[in-house]
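> Here is a sequence with its predicted model. Questions after.
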Amino acid sequence: MSNTISDEVAQEQIDALKDYYGIDIDDLPDSVKGAIESSFAKMKRAIMNGRLEIEVNEETILVHQTLQRPPAGAPNPLVYKEVSGSAKIAIKDDSTDHGKVYAFLGALSGEGAGVIQKLKGKDLSLAESLGCVFLQV
C-alpha cells in the first residue's frame, strides 16, 4: 500500500495524541518505553497508509481505525473515543493481557471486546498498538 499521507502530517497526528493525553515517552518506565515507541511507529505508518486517523478538537479526541478486513457486523472504521475511567474499568473483567486490552478497546469503541477479538492480521496488530498507547493514559 502506498503512502497517502505525508510523514510530517502523520507525525502531527501522533504529536496531537501525545499532547492531548500528556504522554511523554521519557516519563515512562524503561520496561514499557520500547513497546510504546514501537506502537507509535506502527500508528504513524498506519496514518501514512490511510488506515488510521487521529482527530482532536476542543472537546475530545477520536481515533478512527479503517479496517482492511472488517469482521462481519463490525463498523468500518472502528472509532475509539476518549480514554475514560469507565473504559478502564472494563479491563478488570478479563485475566489475560490480551483480553484486558481487547476489553479496553471494546469499551472505548462502544463495540465490545467481541468485535476486537474478531480482528485479524494488520487490523489486530494496529488495534493492539493503540491499546498499548491508551493504557499509558
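Right, received. Where do you want to start? Residues are numbered from 1 along each chain as shown.
> in the protein, which helix has the most residues?
Counting by DSSP state H, the longest helix found in the chain is helix 30-48.
> I'd like the distance from the helix or strand following that helix to the chain centre, please.
Sequence order places strand 52-56 as the next helix or strand after helix 30-48, per DSSP states H and E. Put simply, strand 52-56 sits 10 Å off its chain's centre (Cα atoms, centre = their mean, to the nearest Å).
> Help me confirm that V63 comes into contact with G131.
No - in terms of Cβ atoms under 8 Å, V63 does not count as a neighbour of G131; the distance is 11.0 Å. C-beta here means a position set from N, CA and C on the backbone, and glycine is covered the same way.
> where does this protein dip in pLDDT?
By pLDDT under 70, the weakly predicted segments of the chain are 1-2, 93-96.
> what ranges do the strands span in it?
52-56, 61-65, 78-80 (DSSP state E).
> Deepest in the core, which of those is it.
Among these, strand 78-80 has the highest mean neighbour count (mean count of other Cβ atoms under 10 Å), at a mean of 22.
> buried sites along stretch 83-102?
For stretch 83-102, the buried set under the neighbour-count rule, 16 or more other Cβ atoms under 10 Å, comprises 83, 87-88, 90-91, 100-102.
> now, among those, which is nearest to G73?
Nearest to G73 among the buried residues of stretch 83-102: Y102, at 16.1 Å, using Cβ to Cβ.
> OK, contacts around that closest one?
94, 113, 116-117, 131 (Cβ atoms under 8 Å, 6 or more residues apart in numbering).
> on that earlier part again, any chance of the strands of the chain in TSV, with distance to N3 too?
TSV is the format used below for the strands of the chain (distance: least, Cβ to Cβ, whole Å):
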stretch	distance to N3
strand 52-56	13
strand 61-65	17
strand 78-80	22
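> any idea how far the closest residue to T66 other than its chain neighbours lies from E55?
Ranked by Cβ to Cβ, 6 or more residues apart in numbering and with sequence neighbours excluded, the top spatial neighbour of T66 is P77, at 4.4 Å. Distance, P77 to E55, by Cβ to Cβ, to the nearest Å: 11 Å.
> Common neighbours of these two, please.
Here P77 and E55 share the contacting residues H64, scored by Cβ under 8 Å, 6+ apart.
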